[in-house]
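**Q** Attaching a predicted model along with its sequence, questions to come.
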Amino acid sequence: MAPYPRESNSSGATGAMIAVVVIAVLCVGMLAMVGLGLFWYFSVHDTEVQVVEGPATDQEAAEVLAEEERLEQQPPSPLTAESESVEPASPEVASTPETSDLADAALASDIDETLDERDSIDPEDAEGSDATSLAETPQKRLTDLKPLETLDVSLGDAQLVRSVQIDGQVYSAALWAQPTTNLGSCQISFPLQKAYQRLTGLAAIADADQEGSAVPAGIFRVYGDGNLLWDSDLLEGYGSSRRLDIDIQGIRLVVLVVESHSPSDISLFTWADLRLAPI
């Protein structure tokens, strides 16, 4: 009997190859779909994070940008050794007979500081200031000028400029200079702006309506730009006075100071008949 003929294996191999190719194509397709899905997922979530981190509105974005620009423009303010070191303030020296020299030095220093501050102000810009037209219209009386500063003057119900009687003679426009405290001092300053050459007048203790046993006493001083120009020495008793005639050419600020050596209620100090001679 003839042997049974065997079928060829070529068709089976071909089918296996086709199956492998189909499976490979399907795997590649699935991988591609998974990759596209992952790409889409991360791209969407990345966009959401960026949106959350940024400002919610255009207005908030503008505010954030403006704040950043302000911080960039703001200059740094580091602490330095000079700003940390502060000189201790000098204690005030009471104006008493034993410390008159120290009081003069302190007053001169205060006047210098006042002058430095006033120099930065143009008189033309000071509305209502008497210094505005001093050069054009020189004044004849110091009391016609507006005081720049008045310190520790006891006025009561009366005015700074008043009528007084000195040794029986009446002066209609005198400066009152009664200190507010016992054994105290007071001062009145006027701007001159270098417009005058002489200051004349009378430093005095006014007459009292009723004189008691206590005797008023005081020292009168005139300062120009922080320098002592005139000193009356000690005046004692009601009606006592001393005439002054001072060269004030080139002086910007004059300060009238009275140092009391008696209780305040009897220290009837006054500056009378103060006149300015123009240049």
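**A** Cool, got the structure. Residues are numbered from 1 along each chain as shown.
**Q** Strands of the stretch 101-250 of the chain, start to end?
**A** For the stretch 101-250 of the chain, the strands defined by DSSP state E, counting those that start in this stretch cover 149-151, 161-166, 169-176, 185-191, 196-205, 217-224, 227-236, 241-247.
**Q** List phi and psi for A277.
**A** phi -100, psi 120 (degrees, to the nearest 10).
**Q** quick one: it from I246, how far?
**A** 10 Å (C-beta to C-beta, to the nearest Å). Bear in mind the C-beta positions are built from the backbone N, C-alpha and C, glycine included.
**Q** between the two, what contacts are shared?
**A** Common contact partners of A277 and I246 (C-beta atoms under 8 Å, 6 or more residues apart in numbering): 198-200.
**Q** Leaving out sequence neighbours, find the closest residue to A173.
**A** T143 (4.8 Å; C-beta to C-beta, 6 or more residues apart in numbering).
**Q** which residues sit in contact with the one you found?
**A** So T143 contacts 161, 173-175, 274 (C-beta under 8 Å, 6+ apart).
**Q** Would you list the buried entries among those residues?
**A** For the contacts of T143, a neighbour count by 16 or more other C-beta atoms under 10 Å gives the buried set as 161, 174-175, 274.
**Q** Can you report how many residues neighbour L38?
**A** 10 (other C-beta atoms under 10 Å).
**Q** Kindly report the same for the one 5 residues further on.
**A** Around S43 there are 9 other residues, counting by other C-beta under 10 Å.
**Q** Same check on L228?
**A** L228, neighbours per other C-beta under 10 Å, totals 15.
**Q** can you check A277 too?
**A** Count around A277 with other C-beta under 10 Å applied: 15.
**Q** So for the residue nearest to it when sequence neighbours are not counted, what pLDDT did the model give?
**A** With sequence-adjacent residues excluded and distances taken as C-beta to C-beta, 6+ apart, A277 is closest to R198, at 4.0 Å. R198 is assigned a predicted lDDT (pLDDT) of 95.
**Q** Could you do L65 as well?
**A** If you check L65, the pLDDT there is 76.
**Q** residue ranges with poor pLDDT in the chain?
**A** Along the chain, segments meeting pLDDT under 70 span 1-11, 44-58, 61, 64, 71-139.
**Q** Let's verify L65: helix, strand, or coil?
**A** helix (DSSP: H, G, I helix; E, B strand; the rest coil).
**Q** which residues sit in contact with it?
**A** Not one residue lies near L65 by C-beta under 8 Å, 6+ apart.
**Q** how near is it to Q59?
**A** According to C-beta to C-beta, L65 and Q59 sit 11 Å apart.
**Q** Next: D144.
**A** As judged by C-beta to C-beta, D144 and Q59 stand 63 Å apart.
**Q** Look at those two and report which has more neighbours.
**A** Higher neighbour count among D144 and Q59: D144, with 13 against 9, using other C-beta under 10 Å.
**Q** quick one on the thing from earlier: list the beta-bridge partners for the residue nearest to A277.
**A** Note on R198: beta-bridge partners by DSSP bridges are D247, A277.
**Q** correct me, but it touches D245?
**A** Yes. The criterion here is C-beta atoms under 8 Å, and R198 meets it with D245 at 6.8 Å.
**Q** Which one's more surrounded, these two?
**A** Remark: of R198 and D245, R198 carries more neighbours, 14 against 11, as counted by other C-beta under 10 Å.
**Q** what residues are up against that one?
**A** 245-249, 276-277 are the contacts of R198 under C-beta under 8 Å, 6+ apart.
**Q** of all those, which two lie farthest apart?
**A** D245 and Q249 (13.1 Å; C-beta to C-beta).
**Q** Helices along the chain, start to end?
**A** 10-53, 58-73, 81-84, 100-119 (DSSP state H).
**Q** so who does G218 touch?
**A** 205, 234-235, 258-262, 267, 269.
**Q** I am finished for the moment; much appreciated.
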